[in-house]
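Participant: Just a sequence and a predicted model for now, questions to come.
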Amino acid sequence: MTILTQDMIKEAAQYIQSKSPVTPQIGLILGSGLGVLAEHIEEPISIAYQDIPHFPQSTVEGHAGELLVGSLQGVPVVLMKGRFHMYEGYGPELTAFPVRVMKELGVSKLLVTNAAGGINTSFAPGDLMLISDHINLTGKNPLIGPNDSEMGPRFPDMSQAYSRKLRDTAKKVASEKNVPLQEGVYVGLLGPTYETPAEIVMLRTLGGDAVGMSTVSEVIVARHAGIEVLGISCISNMASGILDQPLSHHEVMETTDRVREKFLSLVLSIIPEM
Ligand code: R1P
């Protein structure tokens, strides 16, 4: 476990502030293959993760390892083109370190996105799913260890981990833009293996609609820090055992590329309404 101190958070934030004068209101984390949104940032300042003090490095295809500060539809934002996963060898607190830095930069709302396998058999690859809630089955929690009460409470409330208000806004925008939007529960696992068919049956029985290997740590830290969260999954494939075909990250990337216009249309319209 890495103990992340206020000093480390401040050092990272100060480095970013030294590159850009923008005070971001919204933070965005772009999942596998969903980095296309970064192309729409106005007057972007791009910072490589490797240059930011204490930031981990992105090692997964489809995660560029680049932080952008600028504005989206006129709203000041900080955007992560690529995230960190525990299967890369990082502890949960490190995967969520950027959320702490976002808070220090002034962020009050977070939009998390990910590529996820569809567990709900009424879903289809290419669907977008509003995350209504999550089940953390990683066996890890980024808040393990001493609690710094200046950062947040020892026992954070998770009863509305994904803000109902922001979900209502997303649903309203999706209907105005005629973008079909599923809604469901995201199950976070450790990875990096995809699930077995038996595991998918179990996850469906537990109430999961989509499954992935990210997001839950980021959302836990965001809620600890008092940041409101909106989450959108791109159903990149049907989970194991539903279709008679093997799963691959290649397919995940292909699907996220195919839905890019729909994803962009939805997210770009949601941002000014958040
Ligand atoms: C597997 O194909 C990868 O895609 C998803 C899974 O979590 C895993 O990392 O990536 P994101 O959750 O980062 O979108």
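Facilitator: Received it, and whenever you're ready, just let me know what you need.

Participant: Around the ligand, which positions in this protein sit nearby?
Facilitator: Residues of the chain lying close to the ligand (Cβ under 6 Å from any ligand atom) are 31-32, 60, 83, 85, 114-115, 191, 212-214, 249, 252. The C-beta positions use only the backbone N, C-alpha and C, and glycine is treated the same way.

Participant: 5 Å instead?
Facilitator: With the criterion set to Cβ under 5 Å from any ligand atom, the chain comes near the ligand through 31, 32, 114, 115, 212, 213, 214, 249, 252.

Participant: these two touch, right, the first one and residue 111?
Facilitator: Meaning residue 31. No - because the distance of 10.9 Å does not satisfy Cβ atoms under 8 Å, residue 31 is recorded as not touching residue 111.

Participant: okay, and for the chain, where does confidence drop off?
Facilitator: For the chain, applying pLDDT under 70 flags no range at all.

Participant: Spell out which strands sit alongside the host helix or strand of residue 185 in the sheet and which way each one runs.
Facilitator: Residue 185 belongs to strand 182-188 when assigned by DSSP states H and E. The strands that strand 182-188 pairs with in its sheet are strand 128-136 (parallel), strand 210-212 (parallel) (by DSSP bridges).

Participant: For that strand, which outside residues touch it?
Facilitator: Surrounding strand 182-188, the residues in contact under the criterion Cβ atoms under 8 Å, 6 or more residues apart in numbering are 114, 116, 119-120, 122-123, 127-138, 167, 171, 203, 206-217, 231, 233, 235.

Participant: do the same with stretch 154-164
Facilitator: With Cβ under 8 Å, 6+ apart as the criterion, stretch 154-164 contacts 130-134, 143, 147, 219-220, 223-224, 228-231.

Participant: Run a quick neighbour tally on whichever residue of the stretch 1-150 of the chain sits closest to the ligand.
Facilitator: Of all residues in the stretch 1-150 of the chain, residue 31 sits closest to the ligand, with a separation of 2.5 Å (Cβ to the nearest ligand atom). By other Cβ atoms under 10 Å, 26 other residues sit near residue 31.

Participant: likewise residue 70?
Facilitator: Neighbourhood size, residue 70 [other Cβ under 10 Å]: 20.

Participant: my read: it touches residue 43, true?
Facilitator: Yes - applying Cβ under 8 Å as the test, residue 70 and residue 43 come out as touching, 5.0 Å apart.

Participant: Doesn't residue 125 lie inside a strand?
Facilitator: No - under DSSP: H, G, I helix; E, B strand; the rest coil, residue 125 falls outside any strand and is assigned coil.

Participant: could you flag which of the contacts of stretch 154-164 are buried?
Facilitator: 130-134, 143, 219-220, 223-224, 228-231 (16 or more other Cβ atoms under 10 Å).

Participant: Which parts of the protein are helices?
Facilitator: Assigned by DSSP state H, the chain shows helices spanning 6-19, 92-95, 97-105, 164-176, 197-205, 216-224, 249-258, 260-270.

Participant: mind listing what's buried in the first one?
Facilitator: This means helix 6-19. Those buried within helix 6-19 under the rule 16+ other Cβ under 10 Å are 8, 9, 12, 13, 15, 16, 17.

Participant: got a list of what residue 49 touches?
Facilitator: Neighbour list for residue 49: 55, 56, 57, 58, 65, 66, 67, 82 [criterion: Cβ under 8 Å, 6+ apart].

Participant: circling back: ok, of the buried residues of helix 6-19, which one's closest to residue 96?
Facilitator: Taking Cβ to Cβ as the measure, residue 96 sits nearest to residue 9 out of the buried residues of helix 6-19, at 11.3 Å.

Participant: which non-adjacent residue is nearest that closest one?
Facilitator: Take residue 9 and drop its neighbours on the chain: the residue closest to it by Cβ to Cβ, 6 or more residues apart in numbering is residue 100, 4.8 Å away.

Participant: Nice, that's everything, thank you.
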